[in-house]
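Colleague: Quick check, what structure comes out for this input:
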Amino acid sequence: MDLREYARVLIRRGWIVVVVALVGALAALLFSRIQTPIYRSTITMSVQPSRSSDYGQSLAIKNLMRLYGQQMQTKTMAQQVIDQLQLDIPPEKFLGGVEVSPNEADLTIQVAVKDANIDMVQRMVQSLAENFVLFHQQENLQMDQNDRILVNLLDNATPVEKFSPKTTINVIAGGILGALAGMIAIFVIEYIQSGYIRKPEDIERVLKLNVLGTIPTINVKDGTPKQKTALQPQPSKATQSS
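Modeller: Predicted coordinates for the structure are as follows:
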């Protein structure tokens, strides 16, 4: 089919695309509504050498950033937060919502906690970061002052924000996927019905014959006129040249 035929197909069956797109958007909306909302709060810590001019110590900190991230995700650290906040969850579930992102470029560690408890998620990430700072302060007491690594909070935990479900994005995505599915369905239907002769254009396309006109017939049952098509064979090359 050429572009004009594609356009005619879309105009004739465009309602399928619209209906399937609406169904997809509605399904995404219902799916988002039945999901349990998950909330998120973040906090950022700085990791600095006790001597800012000590290049060797700064380089050592960069190598330790990943280790610090792993230390924050231990069951021991999680259990401390659970005990402080009196949470009724196992450490494994708590750690399942913890994300730690060390940044070696600016020597910071961003910590995020995701949970369905909107009233506790901010306190959870705040407590986790404070316990980690306290843990390193206790370690520094056993080290020479010049060799200490300072871990501090840059700010308190951010206000709680809804992490999922993202209803608007889900609805838009559902509508787009539905529209694509509708377009595929249209062309599948057209492919299946491509062998049927329904219109004069189909006769010209399949039989290579010119349609001279149509003769209406009467349906005996309801009196509705129908059409019969008169065909004219295309002249041969010999006839055209004479």
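
Colleague: Just the CA atoms from the lengthiest strand in the chain would do, formatted as CSV, please.
Modeller: In terms of residue count, the longest strand belonging to the chain (DSSP state E) is strand 38-49. Extracted in CSV, the C-alpha atoms of strand 38-49 (Å, rounded to 0.1, in the frame of the first residue of the first chain):
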residue,chain,number,x,y,z
ILE,A,38,5.9,4.3,48.3
TYR,A,39,7.5,7.4,49.8
ARG,A,40,11.2,8.5,49.7
SER,A,41,13.5,10.8,51.6
THR,A,42,17.2,11.5,51.1
ILE,A,43,20.1,12.8,53.1
THR,A,44,23.7,13.7,52.1
MET,A,45,26.9,13.3,54.1
SER,A,46,30.4,14.7,53.5
VAL,A,47,33.6,12.6,53.9
GLN,A,48,36.6,14.8,54.4
PRO,A,49,40.2,14.2,55.6
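
Colleague: residues of it that come out buried?
Modeller: Buried positions in strand 38-49, judged by neighbour count with 16 or more other Cβ atoms under 10 Å: 38-45, 47-49. The way it works is simple: take the backbone N, C-alpha and C, and place the C-beta from them, glycine included.

Colleague: Tell me which strands it pairs with, and in which orientation.
Modeller: The pairing partners recorded for strand 38-49 under DSSP bridges are strand 108-115 (antiparallel), strand 149-153 (antiparallel), strand 161-164 (antiparallel).

Colleague: Just the CA atoms from stretch 153-166 would do, formatted as PDB, please.
Modeller: What follows is stretch 153-166 as a C-alpha-only set of coordinates in PDB (Å, rounded to 0.1, in the frame of the first residue of the first chain):
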ATOM      1  CA  LEU A 153      25.800  15.500  57.700                       C
ATOM      2  CA  LEU A 154      25.500  18.300  55.100                       C
ATOM      3  CA  ASP A 155      21.900  18.800  55.900                       C
ATOM      4  CA  ASN A 156      18.900  17.100  57.500                       C
ATOM      5  CA  ALA A 157      16.800  14.600  55.600                       C
ATOM      6  CA  THR A 158      14.700  16.100  52.700                       C
ATOM      7  CA  PRO A 159      10.900  16.300  53.000                       C
ATOM      8  CA  VAL A 160       9.000  13.200  52.100                       C
ATOM      9  CA  GLU A 161       8.100  12.800  48.400                       C
ATOM     10  CA  LYS A 162       6.000  10.200  46.600                       C
ATOM     11  CA  PHE A 163       8.300   7.800  44.800                       C
ATOM     12  CA  SER A 164       5.800   5.400  43.300                       C
ATOM     13  CA  PRO A 165       3.400   4.800  41.600                       C
ATOM     14  CA  LYS A 166       3.900   7.700  39.200                       C
END
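
Colleague: chain center to it, what's the gap?
Modeller: 20 Å (Cα atoms, centre = their mean, to the nearest Å).

Colleague: can you list the residues that contact it?
Modeller: 31-32, 35, 37-46, 108, 114, 118, 121-123, 125-126, 129-130, 133 (Cβ atoms under 8 Å, 6 or more residues apart in numbering).

Colleague: circling back to that earlier point, pLDDT and distance to residue 81 added to the buried residues of strand 38-49, as CSV?
Modeller: As requested, these are exported to CSV (pLDDT from 0 to 100; distance: Cβ to Cβ, whole Å):
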residue, pLDDT, distance to residue 81
38, 91, 18
39, 94, 16
40, 94, 16
41, 95, 13
42, 95, 15
43, 95, 13
44, 93, 18
45, 91, 15
47, 86, 20
48, 81, 24
49, 76, 28
